[in-house]
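K.L.:
Build me a model:
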Amino acid sequence: MKKLMIAAMVAALGGPVSAAPLCDDLGFAGLLAKCNRGDTIKLTLASGWPLGEDVVLQSGAYYKLEITADGSAELAIEGPSFFRAIWMNEIVINKIEIRPMAVDSIEFDKAGVAELSFIAIKPGSHEIRIPGSTGETQRITVSIQ
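P.N.:
Presented below is the predicted three-dimensional model:
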C-alpha cells in the first residue's frame with residue numbers, strides 16, 4: 001500500500017513512476033516469469049536507416065532486444081553502459097544460445113538476427129549506438145527507471 005501511495009504522489013508531481021516488477025506473484029520462474037516481461041525492443045542495422053526509437057524500461061523487468069541487420073554494410077552496435085546496467089540471460093544467433101558474462105558490442109558482417117534477453121537492473125540513461133557514427137538516428141537512448 002505504501003508503494004502505491006508513493007507511486008501515485010510521484011506520478012501526480014510529474015516524476016518517474018516507481019519501478020517495480022510487472023507482476024505481483026513471480027512464482028517459480030522468478031524474474032523470468034511471463035507476467036514480468038516487457039515489450040520486445042527492435043533495432044535495425046541498415047546503411048542509412050535509423051537504428052530505432054528511444055525506450056524506457058522498468059528495473060527488475062525482463063526484456064528482449066531483437067537486432068536485425070539487412071547486410072547492406074558491415075555494422076555493429078555498442079553500448080557499454082547499457083550492457084553493464086543489465087543482467088544478460090542469453091544471446092541467440094541462428095538458434096545457438098550464448099550465455100555471456102559480459103558484452104561490449106555486437107557486429108554483423110552479413111544479414112542476420114540476434115536476440116538478447118535480459119533483466120533491466122541499474123536505473124539511469126544509457127546509449128546504444130553504431131560505433132563511429134555521429135548522426136542522431138544512429139543511436140537510441142535506453143532509460144531504466
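K.L.:
For the spatially closest residue to residue 130 that is not a sequence neighbour, report the pLDDT, please.
P.N.:
What sits nearest to residue 130 in space, not counting adjacent residues and going by C-beta to C-beta, 6 or more residues apart in numbering, is residue 138, at 4.5 Å. For glycine as for every other residue, the C-beta is placed from the backbone atoms N, C-alpha and C. Looking at residue 138, its pLDDT is 93.
K.L.:
Next one: residue 138 from residue 109, what distance?
P.N.:
As judged by C-beta to C-beta, to the nearest Å, residue 138 and residue 109 stand 18 Å apart.
K.L.:
Repeat that for residue 122.
P.N.:
31 Å.
K.L.:
Could you list the low-confidence segments of the protein?
P.N.:
1-22, 26-27, 29 (pLDDT under 70).
K.L.:
So which residues of it form strands?
P.N.:
41-45, 55-57, 62-69, 75-78, 86-93, 96-98, 105-108, 112-120, 124-129, 139-144 (DSSP state E).
K.L.:
in its sheet, what does the first one sit against?
P.N.:
It refers to strand 41-45. strand 62-69 (parallel) (DSSP bridges).
K.L.:
what angle sits between the partner strand and strand 86-93?
P.N.:
Counting by axes from the mean of the first three to the mean of the last three C-alpha atoms, to 10 degrees, strand 62-69 lies at 40 degrees to strand 86-93.
K.L.:
List the buried residues of strand 62-69.
P.N.:
The neighbour-count check on strand 62-69 (16 or more other C-beta atoms under 10 Å) flags 62, 63, 64, 65, 66, 67, 69 as buried.
K.L.:
residue contacts, the residue nearest the centre of the chain?
P.N.:
Nearest to the geometric centre of the chain sits residue 65, at 5.4 Å (C-alpha atoms, centre = their mean). Applying C-beta atoms under 8 Å, 6 or more residues apart in numbering, we find residue 65 in contact with 40, 41, 43, 115, 116, 117, 118.
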